[in-house]
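Enquirer: need a structure here:
(chains A and B)
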Protein chains: 2
Amino acid sequence: MAEPPRIHIPADDRPDLEEAVREGGGRTAPLERADGLVWLGGRPDELPELPDSVRWVQLPSAGVEQWLRAGAIDRDRAWTSATGAFGLPVAEHALALMLAADKAIHAFARERSWVDEGRHRVRSLEGATVAIIGAGGIGRALIGLLEPFGAEVIAVTRRGREIPGPARPARTLPADRVAEAWPEAHHVVIAAPATDGTRHLVGAPELESMREDAWLVNVARGSLVDTDALVAALRAGSIAGAALDVTDPEPLPDGHPLWDLPNVLITPHVATPPEAERRHFAGRVRENVRRLAAGEELEGLIDPEGGY
Amino acid sequence: MAEPPRIHIPADDRPDLEEAVREGGGRTAPLERADGLVWLGGRPDELPELPDSVRWVQLPSAGVEQWLRAGAIDRDRAWTSATGAFGLPVAEHALALMLAADKAIHAFARERSWVDEGRHRVRSLEGATVAIIGAGGIGRALIGLLEPFGAEVIAVTRRGREIPGPARPARTLPADRVAEAWPEAHHVVIAAPATDGTRHLVGAPELESMREDAWLVNVARGSLVDTDALVAALRAGSIAGAALDVTDPEPLPDGHPLWDLPNVLITPHVATPPEAERRHFAGRVRENVRRLAAGEELEGLIDPEGGY
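Expert: Residues are numbered from 1 along each chain as shown, chains lettered A, B, ... in the order given. Below is the predicted model of the structure:
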């Protein structure tokens, strides 16, 4: 049997990750003798020089735009992101935003009086149409959460391939037919990676073709939505509202028009609660150490050409 | 074959109910020749004198306290409420409140600035414990909605009998063991009918025995919670917050302390959206007309002794 992979964890306050390494069949080691590195720092320029022995680097986040832009992802070793690992918590957040929109919770939370029933419109997810743009970890988890609601889900994926798993969307569309989803959805949920190809995926024409009672929900990256076009659409009433965990620019500066629109709900990029992040990241580390030991393809492998 | 039951609908703007009567195998008729009455008025004193031919009255709401108090429920005929009919929409609302609490949506909705991640605590429903007090239509629908979250559900029912249906709680407790649920639950969801026996079901001792990070969610009736004790518990920090669609008194008067507590979210008794109410009430009428025609026991039969 091969040696257990030696994994470096540059932190002494993460016993959960040390345990994940052991459970995956590896052992922890100093960087200079490591086969793999579990990197917890936020910025590419903080990364130390990697010894040749390191044949795998696990990055901590799901999105790795800044790592790709910085040219940090070399071809000398495998790099993995946490993509998909936080699918369930982020899907929870997306559903929380959708339900907050449907139940006007953002609006009632701002009241200091028992207002008339009709003051803020309340509606049901049952029988609604939900378009989920992107069916990676978040999208698939959200399809699962929506299953018992009796909502009709349209999943939009790159190639329109069928979604694996027990919960199935009513329809799957390839990205080049995404335009068919806009006029139907009561909720448009953005859950796709930020790439050159998805920048301003939602712009003026897309907003224009949405239903007037549609909410735009973004739990992916701010850059997928053209913020100025969104503000214009919300002011014109061409969509009903926007619930955003991510914005462009981010952080959203004080005084930005989105702060003042009554039909906007903003959460400041908090879709992965710290405890959930730790737990699911440890799960990703455990699985990738196991795969490294077994010589299997790693989960969340970064494709520098694809841009994610 | 027996004559189709003749049903009176005292409204000319409810073609959906006329259709429900037909689909259930009945036909509409004037009150003086009716076997059944679908009553849409709110108050018992609005009810006309009923001819002897009327052997069934369908009331429009799930809770019928005021009808019982007014002595309107006679023994000359069967009376049914809409109990259970709005289970799914109200369960949606309960879940919306729980997720709003977990994701601090009430708090972020009140911000006008991109606050630090730690400003309002965000957590996951995955792995949380949810106590559902009452497992009628709302409770059972909520158990179904929670199924894909990976939360642990404790259902409290009168006799602790097993819950029918595909989604099962981890545990079911009889009402006389409800005290076991308080110290465990991250969310305590009140979904039981208002009766003499459930008045102030949640009072000072119950709040005292809850977790400090627990949220109280009430989608049933305000009278089940001792409001003064709740305000005291929220001020003392002995629970984390309260999300209330119903209050006592209701409407909650301006200036009431609940309006000023930062960890309180109030929606003004809107858990059943109008469209969902119409759709599900029509479904109840259709089913009860069918049962009346078939001589089966009606759904939502009111038990004047039980008080619901």
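
Enquirer: can you get me a residue count around residue A:62?
Expert: 26 (other CB atoms under 10 Å in any protein chain shown). All C-beta atoms are positioned from the backbone trio N, CA, C, and that covers glycine.

Enquirer: contact partners for it?
Expert: Counting by CB atoms under 8 Å, 6 or more residues apart in numbering or on different chains, residue A:62 touches A:81-86, A:137.

Enquirer: show me what counts as buried in the lowest-mean-pLDDT helix or strand in chain A.
Expert: The weakest-scoring helix or strand in chain A, judged by mean pLDDT, DSSP states H and E, is helix A:65-69 (a mean of 91). The neighbour-count check on helix A:65-69 (16 or more other CB atoms under 10 Å in any protein chain shown) flags A:65, A:67-68 as buried.

Enquirer: report all helices and strands that it contacts.
Expert: Using 3 or more CB pairs under 8 Å, 6 or more residues apart in numbering or on different chains; DSSP states H and E as the contact test, no helix or strand touches helix A:65-69.

Enquirer: just how off-centre is it within its chain?
Expert: Here helix A:65-69 is found 16 Å from its chain centre; the criterion is CA atoms, centre = their mean, to the nearest Å.

Enquirer: and for it, what's in contact with it?
Expert: Residues outside helix A:65-69 that contact it (CB under 8 Å, 6+ apart) are A:43-44, A:59, A:73, A:79, A:194, A:221, A:302, A:304, A:307-308.

Enquirer: if you average pLDDT over stretch A:47-63, what comes out?
Expert: Regarding stretch A:47-63, the rounded mean pLDDT is 94.

Enquirer: before we move on, the earlier item: neighbour count and secondary structure added to the contacts of residue A:62, as TSV?
Expert: Converted to TSV, the contacts of residue A:62 look like this (neighbours: other CB atoms under 10 Å in any protein chain shown; DSSP: H, G, I helix; E, B strand; the rest coil):
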residue	neighbour count	secondary structure
A:81	23	coil
A:82	23	coil
A:83	22	coil
A:84	19	coil
A:85	28	coil
A:86	25	coil
A:137	22	helix
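
Enquirer: and these, which is closest to chain B?
Expert: residue A:86 (10.1 Å; CB to the nearest CB).

Enquirer: the closest one reaches residue A:270, doesn't it?
Expert: No - contact criterion CB atoms under 8 Å: residue A:86 and residue A:270 do not qualify, at 11.8 Å.

Enquirer: so what's residue A:301 bridging to?
Expert: As for beta bridges, residue A:301 partners with residue A:80 under DSSP bridges.

Enquirer: next, count neighbours for it.
Expert: Neighbourhood size, residue A:301 [other CB under 10 Å]: 13.

Enquirer: and residue A:231, that one's in a helix?
Expert: Yes - secondary structure assignment (DSSP: H, G, I helix; E, B strand; the rest coil) places residue A:231 inside a helix.

Enquirer: closest residue of the stretch 151-300 of chain A to chain B?
Expert: Distances between the stretch 151-300 of chain A and chain B by CB to the nearest CB are smallest at residue A:251, namely 3.7 Å.

Enquirer: tell me the secondary structure at that residue.
Expert: Residue A:251 ends up coil, using three-state DSSP.

Enquirer: how far off centre is stretch A:103-122?
Expert: With CA atoms, centre = their mean, you get 29 Å for stretch A:103-122.

Enquirer: what's the answer for stretch A:102-118, then?
Expert: Stretch A:102-118 sits 29 Å away from the centroid of its parent chain (CA atoms, centre = their mean).

Enquirer: can you check stretch A:246-258 too?
Expert: 19 Å.

Enquirer: pull out the buried residues from it.
Expert: By 16+ other CB under 10 Å, the buried positions in stretch A:246-258 come out as A:246-248, A:250, A:252, A:256, A:258.

Enquirer: and the furthest pair within those residues?
Expert: A:246 and A:256 (13.8 Å; CB to CB).

Enquirer: related to what we said a few turns ago, and which of the buried residues of helix A:65-69 is nearest to residue A:172?
Expert: Nearest member of the buried residues of helix A:65-69 to residue A:172, counting by CB to CB, is residue A:65, at 25.9 Å.

Enquirer: gap between the closest one and residue A:251?
Expert: Plainly put, residue A:65 is 17 Å away from residue A:251 if you go by CB to CB, to the nearest Å.

Enquirer: what do you get for residue A:228?
Expert: Taking CB to CB as the measure, residue A:228 falls 17 Å from residue A:251.

Enquirer: which stretches of the stretch 1-150 of chain A have low pLDDT?
Expert: A:1 (pLDDT under 70).

Enquirer: residues from it in reach of chain B?
Expert: Taking CB under 8 Å from any CB of the partner chain as the contact definition, the stretch 1-150 of chain A meets chain B at A:88-89, A:92-93, A:95-97, A:99-100, A:102-117, A:122-127, A:144-145, A:147-150.

Enquirer: please, where are all the helices along the stretch 1-150 of chain A?
Expert: With helices called from DSSP state H, counting those that start in this stretch, the stretch 1-150 of chain A shows them at A:15-23, A:65-69, A:87-102, A:105-109, A:137-146.

Enquirer: so which of these is nearest residue A:39?
Expert: helix A:65-69 (9.7 Å).

Enquirer: make CSV out of the buried residues of stretch A:246-258 and add pLDDT and secondary structure.
Expert: Putting the buried residues of stretch A:246-258 into CSV (pLDDT from 0 to 100; DSSP: H, G, I helix; E, B strand; the rest coil) gives the following:
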residue, pLDDT, secondary structure
A:246, 98, coil
A:247, 98, coil
A:248, 98, coil
A:250, 97, coil
A:252, 98, coil
A:256, 98, coil
A:258, 98, helix
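
Enquirer: skipping adjacent residues, who's closest to the residue nearest the centre of chain A in space?
Expert: With distances taken as CA atoms, centre = their mean, the residue of chain A nearest its centroid is residue A:220 (4.2 Å). Counting by CB to CB, 6 or more residues apart in numbering or on different chains, residue A:190 is the residue found nearest to residue A:220 once chain neighbours are left out, at 4.8 Å.

Enquirer: the one you found: neighbouring residues, count only.
Expert: With other CB under 10 Å as criterion, residue A:190 counts 28.

Enquirer: hey, what's it bridged with?
Expert: As for beta bridges, residue A:190 partners with residue A:133, residue A:218 under DSSP bridges.

Enquirer: how close does it sit to residue A:176?
Expert: Remark: distance between residue A:190 and residue A:176 (CB to CB) = 17 Å.

Enquirer: what of residue A:204?
Expert: 19 Å.

Enquirer: in what helix or strand does residue A:265 lie?
Expert: strand A:264-266 (DSSP states H and E).

Enquirer: so what does that strand touch, helix or strand wise?
Expert: Using 3+ CB pairs under 8 Å, 6+ apart, strand A:264-266 is in contact with helix A:87-102, strand A:241-244, helix A:257-260, helix B:105-108.

Enquirer: and the angle for the longest one with helix B:87-102?
Expert: Just to be clear, that refers to helix A:87-102. 110 degrees (axes from the mean of the first three to the mean of the last three CA atoms, to 10 degrees).

Enquirer: could you list every helix and strand in contact with helix A:87-102?
Expert: Using 3+ CB pairs under 8 Å, 6+ apart, helix A:87-102 is in contact with helix A:137-146, strand A:187-190, strand A:215-218, strand A:241-244, strand A:264-266, helix A:274-294, helix B:87-102, helix B:105-108.
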